[in-house]
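Trainee: turn this into a structure:
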Amino acid sequence: MVKHLAKIIILIMLIILLASCSLKRSNPLDPNGNGDIVVPEPVTGITHTTSSQHQNPCWVNIKWAANSASNTDGYFIYRGMGYYSSFALVDSSRTNEYVHSSANDPTVQPGDYWYRISAYKTYPEGKLEGRRSEPYWVRIP
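Mentor: Coordinates of the predicted model:
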């Protein structure tokens, strides 16, 4: 009985999988369904400077290599507490530089943080985000 039930479940899963392959792509920002959509390039060349020890406000200035204007309108900046942690959206920037300061964000304190940057392109349907950079380590003294 259990073997028979397992075969039925596998058959149902196979049918669902095969049926989903024929679904029409309807996402207007799907680059596979629309040749006019350009996915932003990944962000590279990340560097940083930080405030001095005991400086108030404390801050980190993050810079990266600018993407081509033809595929990037701005950048999203994310921060996490560890390499494998979850990352929260901190802000966005129209340029290839961002200053994260305790003057505007009280969570910026001395310590170790990880940042990830992604580029985005704006379309009438919304913003298409490219791949996030590898986590980048920053120590604020």
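Trainee: just want the most central residue of the protein.
Mentor: Nearest residue to the geometric centre of the chain (CA atoms, centre = their mean): Arg132, 3.8 Å.
Trainee: does that one touch Ser118 like I think?
Mentor: Yes: at 4.3 Å, Arg132 counts as touching Ser118 under the criterion of CB atoms under 8 Å. Heads up, the C-betas are built off the backbone N, CA and C, glycines and all.
Trainee: so Ser92 bridges to which residues?
Mentor: Phe76 (DSSP bridges).
Trainee: contacting residues for it?
Mentor: Gly74, Tyr75, Phe76, Ile77, Tyr120 (CB atoms under 8 Å, 6 or more residues apart in numbering).
Trainee: for those, name the two members farthest from one another.
Mentor: Farthest pair in those (CB to CB) is Ile77 and Tyr120. Separation: 11.3 Å.
Trainee: longest strand in the chain, by residue count?
Mentor: strand 111-123 (DSSP state E).
Trainee: how far does that one sit from its chain's centre?
Mentor: 5 Å (CA atoms, centre = their mean, to the nearest Å).
Trainee: parallel or antiparallel, list what pairs with it.
Mentor: In its sheet, and by DSSP bridges, strand 111-123 pairs with strand 74-80 (antiparallel), strand 126-129 (antiparallel), strand 136-140 (antiparallel).
Trainee: any idea which of the ones you listed is most buried?
Mentor: strand 74-80 (a mean of 20; mean count of other CB atoms under 10 Å).
Trainee: mean confidence for it?
Mentor: Averaged over strand 74-80, pLDDT sits at 98.
Trainee: what are the ranges of the strands in this structure?
Mentor: 47-50, 59-63, 74-80, 88-93, 97-101, 111-123, 126-129, 136-140.
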